[in-house]
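Asker: any chance you could fold what I've pasted below:
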Amino acid sequence: MYREMLKSKIHRATVTQADLHYVGSLTLDSTLMAAANLLPGEKVDVVDIDNGARLSTYVIEGPAGSGVVGINGAAARLISPGDLVIVISYAAMTEEQARAYRPSVVFVDDGNRPQHVGSDPAEAPDGADDLIRGDTVDA
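Answerer: Here you go, the predicted model:
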């Protein structure tokens, strides 16, 4: 049996452009792609923190260092420039692989440059005072 597991995520990236008539889906700075272990054409989910929209699409490689997070095609009706998003990829793994695998969790700065890369999906990195660990339970 295979399990669908978190492979990587880019947390709180800012959408830099959205074009309804553009061919393609999600254009990402290739530096971000490398940090998140993403390949061109790879399926991802995009979750809009500002409006709750969630969609599946695929990645197109953008210029390195550009900070581009571009929403293309029909998805541009759901996600707008300036919105904060989480980009998530998954991988099918055996039980043994899933227990050993550590995802790439990428936090970015205001220019969508990687600032912290870890493997704990619940982690709120140092300096992210507005974020709470994902496994925190309110008493």
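
Asker: quick one: the helices in this protein?
Answerer: Assigned by DSSP state H, the chain shows helices spanning 30-35, 95-100.

Asker: okay, those, which one's buried deepest?
Answerer: helix 30-35 (a mean of 20; mean count of other Cβ atoms under 10 Å). Any C-beta I mention is one placed from the backbone N, CA and C, and that applies to glycine too.

Asker: now it, how far from the chain's geometric center?
Answerer: Offset of helix 30-35 from its chain centre (Cα atoms, centre = their mean, to the nearest Å): 11 Å.

Asker: you'd agree residue 90 is up against residue 3?
Answerer: No - the criterion here is Cβ atoms under 8 Å, and residue 90 misses it with residue 3 at 9.7 Å.

Asker: tell me which of the two has more neighbours.
Answerer: Neighbours were counted for residue 90 and for residue 3 using other Cβ atoms under 10 Å; residue 90 has more, 17 against 14.

Asker: distance of the more buried one relative to residue 114?
Answerer: 20 Å (Cβ to Cβ, to the nearest Å).

Asker: check residue 72 too.
Answerer: 22 Å.

Asker: residue 82 now?
Answerer: Residue 82 is 20 Å from residue 114, by Cβ to Cβ.

Asker: show me which of the two is the more surrounded one.
Answerer: A count of neighbours by other Cβ under 10 Å puts residue 114 above the other of residue 82 and residue 114, at 18 against 10.

Asker: what bridges to that one?
Answerer: With DSSP bridges applied, residue 114 shows beta-bridge pairing to residue 108.

Asker: which residues touch the nearest residue to residue 4 once chain neighbours are set aside?
Answerer: What sits nearest to residue 4 in space, not counting adjacent residues and going by Cβ to Cβ, 6 or more residues apart in numbering, is residue 90, at 5.1 Å. Contacts for residue 90 (Cβ atoms under 8 Å, 6 or more residues apart in numbering) come out as 4, 5, 6, 7, 43, 45.

Asker: can I get the residues you listed in JSON lines with neighbour count, distance to residue 55 and pLDDT?
Answerer: Formatted as JSON lines, the contacts of residue 90 follow (neighbours: other Cβ atoms under 10 Å; distance: Cβ to Cβ, whole Å; pLDDT from 0 to 100):
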{"residue": "4", "neighbour count": "10", "distance to residue 55": "17", "pLDDT": "97"}
{"residue": "5", "neighbour count": "14", "distance to residue 55": "20", "pLDDT": "98"}
{"residue": "6", "neighbour count": "17", "distance to residue 55": "17", "pLDDT": "98"}
{"residue": "7", "neighbour count": "19", "distance to residue 55": "18", "pLDDT": "98"}
{"residue": "43", "neighbour count": "13", "distance to residue 55": "11", "pLDDT": "98"}
{"residue": "45", "neighbour count": "15", "distance to residue 55": "7", "pLDDT": "98"}
